[in-house]
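Colleague: below is the sequence, then the predicted model.
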There are 2 protein chains.
Amino acid sequence: MAAPARPLSRFWEWGRSIVCVGRNYAEHAREMGETPPCRPLLFLKPASAYVRPGSPVQRPYYCQRLHPEPELAVVLGRRTRAVSRDDAMRYVAGYALCLDMTARDAQDTCKARGLPWTLAKSFDTSCPVSDFVPKERVADPHRLRLWLKVNGQLRQEGDTADMLFSVPELISYISEIITLHEGDVILTGTPPGVAAVEEHDELEAGIHGLVSMRFTVVQQRLGA
Amino acid sequence: MAAPARPLSRFWEWGRSIVCVGRNYAEHAREMGETPPCRPLLFLKPASAYVRPGSPVQRPYYCQRLHPEPELAVVLGRRTRAVSRDDAMRYVAGYALCLDMTARDAQDTCKARGLPWTLAKSFDTSCPVSDFVPKERVADPHRLRLWLKVNGQLRQEGDTADMLFSVPELISYISEIITLHEGDVILTGTPPGVAAVEEHDELEAGIHGLVSMRFTVVQQRLGA
Ligand SMILES: [Mg+2]
Ligand SMILES: [Mg+2]
Ligand SMILES: [Mg+2]
């Protein structure tokens, strides 16, 4: 039998939507100078944001302060529309680790001027993505340890138990606004400890015991 | 010969990214109380925002003030990355009319609080889309007349000649930040005259001489 044309194990090649959740860890919200939200805060990345190990992560030409945010990514297995919290986990196919790469200086400008966060969050290579982890390998997505090393030094570490909104709460809330489809992804927010990375830095990130990945940071230069 | 699996004539079924441009007509920027921007202002819709004639347009459960913005949509025909203005038009496969459905009350809140525009712009059915118009049928995308009728009354009309940033300028600028692919779409902004529509309203919109479409507005009710 031929392999399926759209294998979930390579969802980044064909999945259409990446819905991201901001401020889903209270301590991270506070380090950003924000209060934890009463509803999930949503933003989008385009599919062209995906980048896989072996290719570099770019700091955009307009960015001086690039922050990698390690986040648990939830991969949907089928069409998900206005599902209840109780039913939500049945729509999950698996997980991955993603970095929500953030142009923090651009984000500060967007927030101050009331502008959409596109320049801050949606540029090329703003979503480094690990291998796919089928849900059968994850007993509880709220008992995972996320970590990020920069040049071999532990930079950020956190536990998905500290999410403000759980995975089923996020799926239920989002699916009432944006219908999700097979291969679509939810980035569930980052634990505290974000800090800037520079050109040539080596990023290594993982979910303890499940998956890890490495990327090098390069500077985007227009006309290059 | 079998038909291609991803015909451009049905780009909304498989195209992954919708990149939208805000405030690209000076008069519309002013009616929103904003100054015309010095660079294109970008935001995203997910692919699940597409809706075709025959299905209704939803006013989201959290929205009291829904504005339909008729916009020229540019459909990319191939991978487009950091292209120059001079080369940009070679990447265009064709055009369509889209409505950039906007939850204006949610947008006001997002702008005031420095939040991403997702609730304002990216909900299900926030991108009604017409038939595809191959580029061969459009001598000059900057000489098109866009119109919108509500319940048979002309509500909004404008000329793409009044865009602040031209189609090749938009393609060049966007493609330096977000790589576009075959079937991806750019919404190029709306002319002035936006106003709210209500449940049961009949929307009809078109590009003069090229294409038109109709939609009915329904209210989203959670749990329905
Ligand atoms: Mg998208
Ligand atoms: Mg994040
Ligand atoms: Mg618009």
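Modeller: Alright, I've got the coordinates. Numbering: from 1, shown residues only, chains lettered A, B, ... in the order given. Ligands and ions are numbered 1, 2, ... in the order given.
Colleague: just list the residues touching A:Cys64, thanks.
Modeller: Residue A:64: Gln, not Cys. A:Asp105 (CB atoms under 8 Å, 6 or more residues apart in numbering or on different chains). In this view, the C-beta of every residue, glycine as well, is placed from N, C-alpha and C.
Colleague: next, it: phi, psi?
Modeller: Taking degrees, to the nearest 10, you get phi -110, psi -10 for the backbone angles of A:Gln64.
Colleague: count of neighbours near the residue lying closest to A:Gly15 once chain neighbours are set aside?
Modeller: Excluding its sequence neighbours, the residue lying closest to A:Gly15 (CB to CB, 6 or more residues apart in numbering or on different chains) is A:Gly183, at 3.2 Å. Counted by other CB atoms under 10 Å in any protein chain shown, the residues lying close to A:Gly183 total 22.
Colleague: same question for A:Ala26.
Modeller: The burial count for A:Ala26: 16, using other CB under 10 Å.
Colleague: about what we covered before: where does the residue nearest to A:Gly15 sit: helix, strand or coil?
Modeller: With DSSP: H, G, I helix; E, B strand; the rest coil as the basis, A:Gly183 sits in coil.
Colleague: verify the stated contact: it with A:Ser9.
Modeller: No. Assessed by CB atoms under 8 Å, A:Gly183 is found out of contact with A:Ser9, at 10.7 Å.
Colleague: for the residue nearest to A:Gly15, which residues are in contact?
Modeller: Applying CB under 8 Å, 6+ apart, the residues near A:Gly183 are A:Arg6, A:Leu8, A:Phe11, A:Trp14, A:Gly15, A:Arg16, A:Val75, A:Leu76.
Colleague: ok, and what's touching the lowest-mean-pLDDT helix or strand in chain A?
Modeller: Using mean pLDDT, DSSP states H and E, the weakest-scoring helix or strand in chain A turns out to be helix A:26-31, at a mean of 88. Identification of contacts with helix A:26-31 by CB under 8 Å, 6+ apart yields A:Arg23, A:Thr35, A:Pro36, A:Pro37, A:Asp162, A:Leu164, A:Gly189, A:Thr190, A:Pro191, A:Pro192, A:Gly193, A:Val194.
Colleague: distance from the chain centre to stretch A:124-131, please.
Modeller: The chain centre lies 8 Å from the centre of stretch A:124-131; the measure is CA atoms, centre = their mean, to the nearest Å.
Colleague: does ligand 1 sit close to that stretch?
Modeller: No. Figure legend: stretch A:124-131 not in contact with ligand 1 (CB under 5 Å from the ion); closest approach 10.9 Å.
Colleague: regarding that stretch, how distant is the last residue from the first?
Modeller: Terminal residues of stretch A:124-131 are spaced 19 Å apart (CA to CA, to the nearest Å).
Colleague: who does A:Val19 form a beta bridge with?
Modeller: Applying DSSP bridges to A:Val19 gives these bridge partners: A:Leu44, A:Ile186.
Colleague: how about the contacts made by the spatially most central residue of chain A?
Modeller: Nearest to the geometric centre of chain A sits A:Leu187, at 3.8 Å (CA atoms, centre = their mean). Contacts for A:Leu187 were tallied using CB under 8 Å, 6+ apart; they are A:Ile18, A:Val19, A:Cys20, A:Val21, A:Lys45, A:Glu71, A:Leu72, A:Ala73, A:Cys98, A:Asp100, A:Cys127.
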